[in-house]
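Asks: Pasting the sequence and the predicted coordinates here, then a few questions.
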There are 2 protein chains.
Amino acid sequence: MTIHLPARGRLGLAFAAACLASLSLFDTAFAQTPAAQTAAPSTTAVPVPPAPPPPVLLSREALAGAIGVREQALKSDESYQLLESLTTEVGQRFAGTAGDKAGVEWAVKTLRDLGFTNVHTQEVIVPRWIRGEASFDVLAPYPMSMVTTAIGGSIGTPDEGLDAPIVMVQDIAALQALPEGTARGKIVFFNGRMERTRDGSGYGKAVRARTEGPSIAGSLGAVGVVIRSVGTSKNRIAHTGTLSYNVSSPRIPAVSISNPDADLLERQVAQTRPEGKAAGQAVKVRMRVTARDLPQVRSANVIGDLPGTDLANEIVLIGGHLDSWDTGHGVQDDGAGVAIAIAAARLAASANPKPRRTIRVVLFANEEFGLSGAGRYPVAIGDEGVANHAFAMEADLGDGPVWKLSARVPQQYWPTIEQVHRVVRSLEVELGDNTSNGGADLGPLRRLGVPILSPQLDATTYFDIHHTVNDTLDQVDPAHLRQSTTVFAVTAYAAAIVDGPVPRYSQ
Amino acid sequence: MTIHLPARGRLGLAFAAACLASLSLFDTAFAQTPAAQTAAPSTTAVPVPPAPPPPVLLSREALAGAIGVREQALKSDESYQLLESLTTEVGQRFAGTAGDKAGVEWAVKTLRDLGFTNVHTQEVIVPRWIRGEASFDVLAPYPMSMVTTAIGGSIGTPDEGLDAPIVMVQDIAALQALPEGTARGKIVFFNGRMERTRDGSGYGKAVRARTEGPSIAGSLGAVGVVIRSVGTSKNRIAHTGTLSYNVSSPRIPAVSISNPDADLLERQVAQTRPEGKAAGQAVKVRMRVTARDLPQVRSANVIGDLPGTDLANEIVLIGGHLDSWDTGHGVQDDGAGVAIAIAAARLAASANPKPRRTIRVVLFANEEFGLSGAGRYPVAIGDEGVANHAFAMEADLGDGPVWKLSARVPQQYWPTIEQVHRVVRSLEVELGDNTSNGGADLGPLRRLGVPILSPQLDATTYFDIHHTVNDTLDQVDPAHLRQSTTVFAVTAYAAAIVDGPVPRYSQ
């Protein structure tokens, strides 16, 4: 990839170098970066290997502006107010529902009222799935009812429900390792527990049982799937989320049960073992699901700009997704991201000196049930539109706080990230690395080479409430939300003022 | 009341007095009791006022036995094993359900298997109420669905539900203070919050809205009632419990909504005020309840004895209630009490020296929905049977730990309570007072003068799960349950070995 570094870029670098001794924001971390260590003056004529592009740094004025953003943001409750408004006036916004429509209306009105320009919607076609009712009852050895909900996209059962013995496994590998025929005619119980982690990686490991499990179980002759909720809550609430039916496998219905109910089902299974009180009996259950698909309907991405100055045709995208699951109110997932994006954009745009690039808020449609809006966005804006995107970032992991600043940017911009980190490290933010993927909605842009900025939200408690009835405003910590908004605002500001042109990220 | 202190009693007292210098269990607290301060030797001839009865104290051997009970109990997990068994094999035991019947069968088998004698049931007629389904939807200004459940005993609504504007009040007094006609045709929203307290007193204050609110609202012309859950949980789960319809007031349906939903409803109401975004609009809701009554059915108290020695005809009753609400699994309420009672009785009965009185476990039927078993017990055993009850105690406030030892005993037995406290104070148990009522099931016995022993369970977090779907085994702390079982066992042992005869408590 060829790097064009214009005169303005070199000027910025010179300014930054002049600041090294006077600004405490520059210290050892900058000197330690590989880019910095290997950067050689362009006048040195060494034929091979070609010198890496020189680092791009924020000017002294830009850094002062970033500090100003931080200080203003730490005094602002705008993101919390936005979240309270969205929660109180809209609530759940599951794709294709009245709440989804109300969310789009709320977003358009809110962006207009807050002074965004170019506020518009992009039509997005979304699936329409009805959760209906679900029940899950143990029939033997010890009858009892459990707290359950359908997995997103599940087909329904017959009206009278589906009675079958269960076969309990920890995960897909364990299911596939069973003797042939073991799962035939049974309901597969995936009992693996999700691990609590700060970066949310425990979710990625556990979620395969939900996304791929139903089709794999179906291909083995199972008639249904029940999973332990892919979440860390000890409350008796069931966790939903989407499944992905494989077109070449039989479609079978799938539900989740709460963690305490999964514990109980596990204890019932234990009693049917040779040493148990119900030795030799089978654990039989009845699951009933009235979920069904309806024709697809229209939803929309909602977009609003805060124009830049001399580079106004270039875009720094800050996103969240407007939709939510239908179980809770879509507060942490992803009302928080919506609120952070809008408030951070406004904080960044109102700083002095003004951002040079346009800061664009994109509130994506239907992330949860198929990433519809994320797929639509680059198509709607076309190649030229995508090419204008200097950086993109998304908040979609709850209210925070941000605990690490990562990215996926051209190498010469990593020193910029380090500068941003210096501005926010007093907020207990670590410096991450340059391999982050950002949010799920950024996938299509990332694959097209748009550089990604990634303030990482602390997910330690996020999966206690994610995709459950508990995703309500009461679970939000206003101080966390303020910190997260601050880090996103500072990062967006730096992205909108740093020298360019910003090349595509080379995969 | 005449006090007969037999020779054995005096001997015990003499033994105890002789131990004062050598046993660290006796210290200042004994000397500080009013009873001890005023106790005069019976040889002192003072005509008026009559000398209070001399204190009754545990013998040295009995105290050593009590310490032995404590040490054995601290090594035992029997109460947790019982609770796990009841949870896994039975689950919910709401009056008149299959779970109630299964609970009775479990209790009879368990008491027999554990060596209790005289294991039998007392038939109890219980009401049969079907919870059915409930929904609570805000129609205006901002449509959304809330997490709800019917209040126990509520009548149903019409099939299509009940649409009405709400009137929000904090409590019954606030409702009664409204201008006449304000509640007519409306659904009354009782929005008072329950206060978190260690002794559970916050529940008693808040619960009136549930028990009396529906009839008071009905008498003011309201068509329905919705209450903020009488519980301290921030989870999106609704709290049930019983209401008490007044026969002379119109019966109207009643539901609760979860605390986060009540917060949301409160925010919606705020938006309809003059300064709000929905100024001038009414908050309109639709509530739908399919609850209904069926004919009464049979349940049972379950009773088992561990016989004493020379005073085997006297009873120390240790109880819990076998029934539960239908929402959770009846673990903290009151599986824990069932487990504590059985395990504590066994620990006390197996100590050395053996208890003189018979320790009886009574597992009461239907405490939750009308105290049916508690009312039946004294009737079934008759006046003579009641007269044989030396002491009674009940565990019905969760897994504990016990934080205070209280009682309601004849004055001369308060020093015994103080001795028991010395044995358990290392378990972080405070000394309470002599005015405790004990558990709800003890009410009829208490009113008949049976002395009450009351190890008080710490209720700080109990009302996070009480009467909700969250009342499952996962919420139990085995260490708390062990400590509680220990204190109940030591107390029961002391009660079963202390000198008598134990007079009736004078109200």
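Replies: The structure has been received and is ready for your questions. Since the model is a prediction, treat every value here as computed from it, not as a measurement.
Asks: can we go C-alpha only for contacts and neighbour counts from here?
Replies: Will do.
Asks: A:F189 falls within a strand, correct?
Replies: Yes. Under DSSP: H, G, I helix; E, B strand; the rest coil, A:F189 falls within a strand.
Asks: residues in contact with it?
Replies: A:I166, A:V167, A:M168, A:V169, A:V225, A:V226, A:I227, A:R228 (Cα atoms under 8 Å, 6 or more residues apart in numbering or on different chains).
Asks: Turn those into CSV, columns for pLDDT, secondary structure and distance to chain B.
Replies: As requested, the contacts of A:F189 are exported to CSV (pLDDT from 0 to 100; DSSP: H, G, I helix; E, B strand; the rest coil; distance: Cα to the nearest Cα, whole Å):
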residue, pLDDT, secondary structure, distance to chain B
A:I166, 98, strand, 17
A:V167, 98, strand, 18
A:M168, 98, strand, 17
A:V169, 98, strand, 20
A:V225, 98, strand, 22
A:V226, 98, strand, 19
A:I227, 98, strand, 18
A:R228, 98, strand, 14
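Asks: From the residues you listed, pick the one nearest B:V490.
Replies: Of all the contacts of A:F189, B:V490 sits closest to A:R228, with 40.9 Å by Cα to Cα.
Asks: List the beta-bridge partners for the closest one.
Replies: A:I257 (DSSP bridges).
Asks: Can you list phi and psi of A:G432 for me?
Replies: Torsion angles at A:G432 (phi, psi; degrees, to the nearest 10) stand at phi -90, psi -140.
Asks: Go through the contacts of A:F189 and give me the one with the most neighbours.
Replies: A:I227 (31 neighbours; other Cα atoms under 10 Å in any protein chain shown).
Asks: interface residues of the stretch 351-500 of chain A facing chain B?
Replies: Proximity of the stretch 351-500 of chain A to chain B, by Cα under 8 Å from any Cα of the partner chain, involves residues A:V469, A:N470, A:T472, A:L473, A:D474, A:Q475.
Asks: Among the residues you listed, which one has the most neighbours?
Replies: In those, the most neighbours by other Cα under 10 Å go to A:T472, 30 neighbours.
Asks: what sits against A:A494?
Replies: A:A494 touches A:L58, A:A62, A:L63, A:A66, A:T416, A:V420, counting by Cα under 8 Å, 6+ apart.
Asks: Mind doing that once more with 10 Å?
Replies: A:57-59, A:62-63, A:65-66, A:69, A:316, A:348, A:355-357, A:416-417, A:419-420, A:488 (Cα atoms under 10 Å, 6 or more residues apart in numbering or on different chains).
Asks: now do A:Q92
Replies: Contacts of A:Q92 by Cα under 10 Å, 6+ apart are A:86, A:98-100, A:102-103, A:322-331, A:335, A:471-472, B:143-145.
Asks: Skipping its backbone neighbours, what lies nearest it in space?
Replies: A:H329 (4.2 Å; Cα to Cα, 6 or more residues apart in numbering or on different chains).
Asks: From what I see, the one you found and A:G335 are in contact.
Replies: Yes. In this structure A:H329 lies within contact range of A:G335 using Cα atoms under 10 Å: 8.4 Å.
Asks: Neighbour count for those two, which is higher?
Replies: Neighbour count, other Cα under 10 Å: between A:H329 and A:G335, A:G335 has more, with 34 against 31.
Asks: ok, now how distant is that one from A:T117?
Replies: Counting by Cα to Cα, to the nearest Å, the gap from A:G335 to A:T117 is 22 Å.
Asks: again, but for A:R425
Replies: 32 Å.
Asks: now swap in A:A134 and tell me
Replies: 45 Å.
Asks: So those two - more neighbours on which side?
Replies: Comparing A:A134 with A:T117 by other Cα under 10 Å, the one with more neighbours is A:A134, at 21 against 14.
Asks: Tell me the confidence at the residue lying closest to the more buried one once chain neighbours are set aside?
Replies: Computed as Cα to Cα, 6+ apart, the closest residue to A:A134 that is not its neighbour in sequence is A:V289, at 4.3 Å. Per-residue confidence at A:V289 stands at 98 (pLDDT).
Asks: Also A:A51?
Replies: For A:A51, pLDDT reads 83.
Asks: neighbours of it, just the number please.
Replies: With other Cα under 10 Å as criterion, A:A51 counts 15.
Asks: How about the secondary structure of it?
Replies: Relying on three-state DSSP, one would call A:A51 coil.
Asks: Then A:M287?
Replies: Applying three-state DSSP: A:M287 is strand.
Asks: Wait, it touches A:V188, no?
Replies: No. When contacts are counted by Cα under 10 Å, A:M287 is not listed as touching A:V188 (11.6 Å).
Asks: which neighbours do these two share?
Replies: Shared contacts of A:M287 and A:V188, counting by Cα under 10 Å, 6+ apart, come down to A:A164, A:G224, A:V225, A:V226, A:A254.
Asks: Contact partners for the fourth one?
Replies: Okay, so that is A:V226. Contacts of A:V226 (Cα under 10 Å, 6+ apart): A:136, A:148-151, A:166-168, A:187-191, A:209-210, A:213-214, A:253-257, A:262, A:287.
Asks: redo that, cut-off 6 Å
Replies: Counting by Cα atoms under 6 Å, 6 or more residues apart in numbering or on different chains, A:V226 makes contact with A:F189, A:A254, A:V255, A:S256.
Asks: top of those by neighbour count?
Replies: Going by other Cα under 10 Å, A:A254 tops those with 31 neighbours.
Asks: coming back round to it: got TSV for the contacts of A:V226, with pLDDT too?
Replies: Formatted as TSV, the contacts of A:V226 follow (pLDDT from 0 to 100):
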residue	pLDDT
A:F189	98
A:A254	98
A:V255	98
A:S256	98
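Asks: which residue ranges form the helices in the stretch 51-200 of chain A?
Replies: A:60-73, A:78-89, A:98-113, A:172-176 (DSSP state H, counting those that start in this stretch).
Asks: As CSV, those with mean neighbour count, distance to chain B and mean pLDDT would be great.
Replies: Output for the helices of the stretch 51-200 of chain A, formatted as CSV (neighbours: other Cα atoms under 10 Å in any protein chain shown; distance: least, Cα to the nearest Cα, whole Å; pLDDT from 0 to 100):
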stretch, mean neighbour count, distance to chain B, mean pLDDT
helix A:60-73, 21, 25, 98
helix A:78-89, 22, 5, 97
helix A:98-113, 19, 8, 98
helix A:172-176, 16, 25, 98
